[in-house]
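Chemist: When you get a sec, could you give me coordinates for this:
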Amino acid sequence: MKLNIANPAGGLQKVFEIDDDKKLLPFYDKRMSSEVSGDSLGDEFKGYVFRISGGNDKQGFPMKQGILCNHRVRLLFKKGM
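Modeler: Reported below is the predicted structural model:
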């Protein structure tokens, strides 16, 4: 799994690829804007708190905040949205 970690105050952004499933367990079954402690990822992230702000499912469909379903839904937008 790739984690895209950004620091908006400093304008920095890094991508980390983590293959260990035990380290990724706290990220599973979380909703958007949930906060996850960085202690599970290792000593380099100890004391950090991460907020989930996006992601993709297995087929590449992006998550959207405000949709409270665990499955895909078709959104109806009017023209121009």
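Chemist: Please make it C-alpha for all contacts and neighbour counts, starting now.
Modeler: Will do.
Chemist: Which secondary structure elements does whichever strand or helix holds L24 sit against?
Modeler: Secondary structure from DSSP states H and E places L24 in helix 21-24. Using 3 or more C-alpha pairs under 8 Å, 6 or more residues apart in numbering; DSSP states H and E, no helix or strand is in contact with helix 21-24.
Chemist: separation between the residue nearest the centre of the chain and K78?
Modeler: For the chain, the residue sitting closest to the mean C-alpha position, by C-alpha atoms, centre = their mean, is I52 at 3.9 Å. Going from I52 to K78 by C-alpha to C-alpha, to the nearest Å gives 28 Å.
Chemist: same question, Q65
Modeler: Q65 sits at a distance of 18 Å from K78 (criterion: C-alpha to C-alpha).
Chemist: who's more crowded, the two?
Modeler: Neighbour totals were compared for Q65 and K78, and Q65 leads with 11 against 6 (other C-alpha atoms under 10 Å).
Chemist: Skipping adjacent residues, who's closest to that one in space?
Modeler: Excluding the flanking residues, the one nearest Q65 by C-alpha to C-alpha, 6 or more residues apart in numbering is M32, at 6.3 Å.
Chemist: Next, count neighbours for that neighbour.
Modeler: By other C-alpha under 10 Å, 17 other residues sit near M32.
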